[in-house]
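*Asks:* Quick one, what's the 3D model for this:
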Amino acid sequence: MITLHRKKQSETADAIENRFEELILAYRVEPLPESGHVAWSITDGDTKIQDHIELDNWLEKLEKDLDWQRSISGDGCYIDPETGSVC
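*Replies:* Purely as a prediction, here's the structure:
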């Protein structure tokens, strides 16, 4: 399960949540203390993301993985290339 650890007032965390919503992604939100230095972090299994470069790379890979998974698990119809029949 993906967990977003965030302060209440964090523009970056807001943007991350918006991106998760666009990706139609299940995730949890855990509050961080407002007095701490860290405004946000993400935990995905054993992976912890804490900076913008890691975040961009992780989101890019996540989006590709989701696209691939959804492409093979969809209920779409197809045309059999050998017979021309439609599902």
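*Asks:* Residues touching the longest helix belonging to the chain, excluding its own?
*Replies:* Using DSSP state H to define each element, the chain has its longest helix at helix 52-73. Contact with helix 52-73 is made by 12, 16, 19, 23, 25, 42, 44, 47, 49, as judged by C-beta atoms under 8 Å, 6 or more residues apart in numbering. (Each C-beta comes from the backbone N, C-alpha and C, glycine too.)
*Asks:* in that helix, what's buried?
*Replies:* With burial defined by 16 or more other C-beta atoms under 10 Å, the residues of helix 52-73 counted as buried are 55, 59, 62.
*Asks:* From those residues, pick the one nearest H5.
*Replies:* L55 (12.7 Å; C-beta to C-beta).
*Asks:* Centre of the chain to the helix or strand of the chain with the lowest mean pLDDT, how far?
*Replies:* Ranked by mean pLDDT, DSSP states H and E, the weakest helix or strand in the chain is helix 52-73, scoring a mean of 89. Distance, stretch centre to chain centre, for helix 52-73: 7 Å (C-alpha atoms, centre = their mean, to the nearest Å).
*Asks:* Alpha carbons of that helix, as PDB, please.
*Replies:* Extracted C-alpha coordinates of helix 52-73, given in PDB (Å, rounded to 0.1, in the frame of the first residue of the first chain):
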ATOM      1  CA  HIS A  52      11.600  15.700  -5.800                       C
ATOM      2  CA  ILE A  53      14.000  13.800  -8.100                       C
ATOM      3  CA  GLU A  54      13.100  10.500  -6.500                       C
ATOM      4  CA  LEU A  55       9.400  11.500  -6.700                       C
ATOM      5  CA  ASP A  56       9.500  12.300 -10.400                       C
ATOM      6  CA  ASN A  57      11.300   9.000 -11.200                       C
ATOM      7  CA  TRP A  58       9.000   7.000  -9.000                       C
ATOM      8  CA  LEU A  59       5.800   8.600 -10.400                       C
ATOM      9  CA  GLU A  60       7.000   8.000 -14.000                       C
ATOM     10  CA  LYS A  61       7.700   4.300 -13.300                       C
ATOM     11  CA  LEU A  62       4.400   4.000 -11.400                       C
ATOM     12  CA  GLU A  63       2.400   5.500 -14.300                       C
ATOM     13  CA  LYS A  64       4.100   3.200 -16.800                       C
ATOM     14  CA  ASP A  65       3.400   0.200 -14.600                       C
ATOM     15  CA  LEU A  66      -0.300   1.100 -14.200                       C
ATOM     16  CA  ASP A  67      -0.700   1.700 -17.900                       C
ATOM     17  CA  TRP A  68       0.700  -1.700 -18.600                       C
ATOM     18  CA  GLN A  69      -1.300  -3.500 -16.000                       C
ATOM     19  CA  ARG A  70      -4.500  -1.800 -17.100                       C
ATOM     20  CA  SER A  71      -3.800  -2.600 -20.800                       C
ATOM     21  CA  ILE A  72      -3.800  -6.300 -20.100                       C
ATOM     22  CA  SER A  73      -6.600  -6.500 -17.600                       C
END
